[in-house]
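> Next comes the sequence, and after it the predicted model I'd like to discuss.
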Amino acid sequence: MSSEPYSIYKKEGLVSVQWAQDGSWLNRTWETKRRKARVPGKGISMDRLGSFLIGLVIGGVGLHVASNFYIVRSDNGTHLIPKLTAKLENPYHDVRNYGPTQWKTNQDLARALQKAAHRKN
């Protein structure tokens with residue numbers, strides 16, 4: 001037995017590790033994966049492009065919702081209320097405990113809720 005508690009061997013795509021535990025040696029072997037070299041001029045791979053495009057679509061939808069709608073949490077559920085003017089501000093409001101001062105500071109939200117209520121009736 002060596003004086004070190006472990007030993008590592010590398011050989012042709014395999015990594016073998018031995019370590020001592022309770023006076024006996026345990027072995028573990030892993031197969032290493034080699035990445036293929038990217039060919040210059042071929043661009044990025046399709047899986048990266050697909051992930052990028054999915055992220056782009058999700059981000060665009062999120063930005064559209066955040067700039068055009070209020071997400072309002074009230075006593076009777078969560079509602080999607082259209083904003084009167086499209087602007088990027090805090091889209092989520094929890095109005096369950098709003099008092100007069102909060103409604104005064106969020107007048108755009110109050111007007112949007114009134115317009116949505118008139119549209120519904």
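Sure, I can see it. Only a predicted model underlies this, so the values are computations on that prediction, with no experimental measurement involved.

> what about residue 98, distance to residue 50?
For residue 98, the distance to residue 50 equals 43 Å [CB to CB, to the nearest Å]. For every residue, glycine as well, the C-beta is placed using N, CA and C.

> in what helix or strand does residue 86 lie?
When elements are assigned from DSSP states H and E, residue 86 belongs to no helix and no strand.

> Against residue 66, how distant is residue 98?
In this view, residue 98 and residue 66 are 20 Å apart by CB to CB.

> How about the helix or strand hosting residue 119, which residues are buried there?
Using DSSP H and E, residue 119 sits in helix 107-120. Along helix 107-120, the positions that meet the burial threshold by neighbour count (16 or more other CB atoms under 10 Å) are 109, 112, 113, 116.

> Name the residues of the host helix or strand of residue 54 that are buried.
In the assignment (DSSP H and E), residue 54 maps to helix 46-68. For helix 46-68, burial by neighbour count (16+ other CB under 10 Å) applies to residue 66.

> Summarise which helices and strands that helix is packed against.
Where contact means 3 or more CB pairs under 8 Å, 6 or more residues apart in numbering; DSSP states H and E, helix 46-68 is not packed against any helix or strand.

> other SSEs contacting the helix or strand following it?
Next in sequence after helix 46-68, counting helices and strands by DSSP H and E, comes strand 69-74. When contacts are defined as 3+ CB pairs under 8 Å, 6+ apart, strand 69-74 packs onto strand 77-82, strand 92-94, helix 107-120.
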